[in-house]
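Novice: Predicted coordinates and the sequence they were generated for:
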2 protein chains.
Amino acid sequence: MKNATSLAKIDGIDKKILRFLMEDARKPVLEIARSIGISGAAIHQRLRKLEASGLLSGSKFIVNPKSLGYTTMAYIGIYLDKAMSNPMAVKQLEKIPEVLECHYTTGNWSILIKVLCRDNEHLMQVLNKEIQAIEGVSRTETFISLAQQIDRQISI
Amino acid sequence: MKNATSLAKIDGIDKKILRFLMEDARKPVLEIARSIGISGAAIHQRLRKLEASGLLSGSKFIVNPKSLGYTTMAYIGIYLDKAMSNPMAVKQLEKIPEVLECHYTTGNWSILIKVLCRDNEHLMQVLNKEIQAIEGVSRTETFISLAQQIDRQISI
DNA sequence: CTTGAAACGAGTGCAAC
DNA sequence: GTTGCACTCGTTTCAAG
């Protein structure tokens, strides 16, 4: 089995296919086939290969959080006590649904997380009642995202 | 036309459909139909409604950056000169493909960006030759993500 | 690695409830 | 708002170039 971290060799046709599907995962394979001038079966086989190589790690429907009343996004830097191990903290953070990302970072903090809340009050509750309540969390620094102006994937 | 920021009313069936598709955008509608016990046509119509309401903002194939040799992710806080407007800086940042996200944040920085690079050397080049070169960028603070331990969408 | 054909299954629109 | 049907179209496999 191929290691997921091994480099995939992709050619120009693979790139074209990926560019279409990164924009719209449900775009029919045959439509892509017509656009780039090869057969649908060829695309299908290339996709199977890309998937097997670990380059394609799935597809997702994107939901607009604003439509669900979630309008406040924030990054929170977390300082951990020396005694608190990172994996233990992550385990607790996983239980908080508002936490969308969690990074183990260099620099001031031990952990940087991204949270999505309905409003500032909701964010305050998550901070005070959920995150600060985690054993080993000593201090946090919050940065509210007033606007997300770029959001994209790696360009290929 | 409905405003994208208006709250969508979704029921339990909508939620079930969304949970399936947020995991795998290419999951066949009829398969979902069988799982939750309604007809395929009903799901099709609900999806059209959700799309029209702005709740569904598309679908994406997820590519694994490691397979392309991109192993270094970092967050960079950017201080802007007073004279430099945020939109002008964002316009420059958009031209840098390594910049995946850009947030206008409260707190110390004017801007917080997420970048994805092949390695530390590549990151250094992006920092020194691309980001620091932008007119109005006075100082940056870089936080390398040693590991991304959580990565998910809003839970519904 | 690519193609074309064939079989299967899914997407879509519509009429009816 | 849901259903069943019918038709169209896409997906997938396979043998062969």
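Specialist: Cool, the structure landed.
Novice: middle-most residue in chain A, spatially?
Specialist: Geometric centre of chain A, nearest residue: A:Glu101, 6.6 Å, by Cα atoms, centre = their mean.
Novice: So chain A: which segments form each domain?
Specialist: Following the TED database, one finds the domains of chain A at A:12-53, A:65-145.
Novice: Pick the most buried one from those domains.
Specialist: Greatest average neighbour count among the domains of chain A goes to domain A:65-145 (a mean of 17), per mean count of other Cβ atoms under 10 Å in any protein chain shown. No exception for glycine: its C-beta is placed from N, CA and C like everyone else's.
Novice: Give the rounded mean pLDDT of that domain.
Specialist: The average pLDDT within domain A:65-145 is 96.
Novice: and it, is it in reach of chain B?
Specialist: Yes - shown here: domain A:65-145 in contact with chain B (Cβ under 8 Å from any Cβ of the partner chain) through A:65-71, A:73, A:75, A:90, A:93-94, A:97, A:99-109, A:112-113, A:116, A:141-145.
Novice: measure that domain end to end?
Specialist: Using Cα to Cα, to the nearest Å, the span of domain A:65-145 from its first residue to its last is 14 Å.
Novice: And stretch A:67-83, by the same measure?
Specialist: 41 Å.
Novice: Stretch A:106-113 too?
Specialist: 13 Å.
Novice: what residues are up against A:Ala83?
Specialist: A:Gly136 (Cβ atoms under 8 Å, 6 or more residues apart in numbering or on different chains).
Novice: so it, which of the three states?
Specialist: Three-state call for A:Ala83 (DSSP: H, G, I helix; E, B strand; the rest coil): coil.
Novice: Show me what whichever strand or helix holds A:Glu101 is packed up against.
Specialist: Following DSSP states H and E, one finds A:Glu101 within strand A:99-105. The helices and strands touching strand A:99-105, judged by 3 or more Cβ pairs under 8 Å, 6 or more residues apart in numbering or on different chains; DSSP states H and E, are helix A:86-94, strand A:111-117, strand B:72-80, strand B:137-151.
Novice: Run the angle between the last one and strand A:111-117 for me.
Specialist: Just to be clear, that refers to strand B:137-151. 80 degrees (axes from the mean of the first three to the mean of the last three Cα atoms, to 10 degrees).
Novice: so how far is strand B:137-151 from its chain's centroid?
Specialist: 15 Å (Cα atoms, centre = their mean, to the nearest Å).
Novice: Ok, stretch A:53-65 next?
Specialist: The answer for stretch A:53-65 is 9 Å, by Cα atoms, centre = their mean.
Novice: how about the residues of chain A that lie near DNA strand C?
Specialist: A:Ile13, A:Ile38, A:Ser39, A:Gly40, A:Ala41, A:Ala42, A:Gln45, A:Arg46, A:Lys49 (Cβ under 7 Å from any atom of the strand).
Novice: residues contacting the nearest residue to A:Ile154 once chain neighbours are set aside?
Specialist: Distances taken as Cβ to Cβ, 6 or more residues apart in numbering or on different chains place B:Pro65 nearest to A:Ile154, at 5.1 Å, with adjacent residues excluded. B:Pro65 is in contact with A:Ile154, B:Thr71, B:Met73, B:Leu116, counting by Cβ under 8 Å, 6+ apart.
Novice: thought the last one was touching B:Glu98?
Specialist: Read that as B:Leu116. Yes - the criterion here is Cβ atoms under 8 Å, and B:Leu116 meets it with B:Glu98 at 5.9 Å.
Novice: Up against DNA strand D, what does chain A have?
Specialist: Going by Cβ under 7 Å from any atom of the strand, the residues of chain A near DNA strand D are A:Pro28, A:Val29, A:Leu30, A:Glu31, A:Gly40, A:Ala41, A:His44, A:Gln45, A:Arg48.
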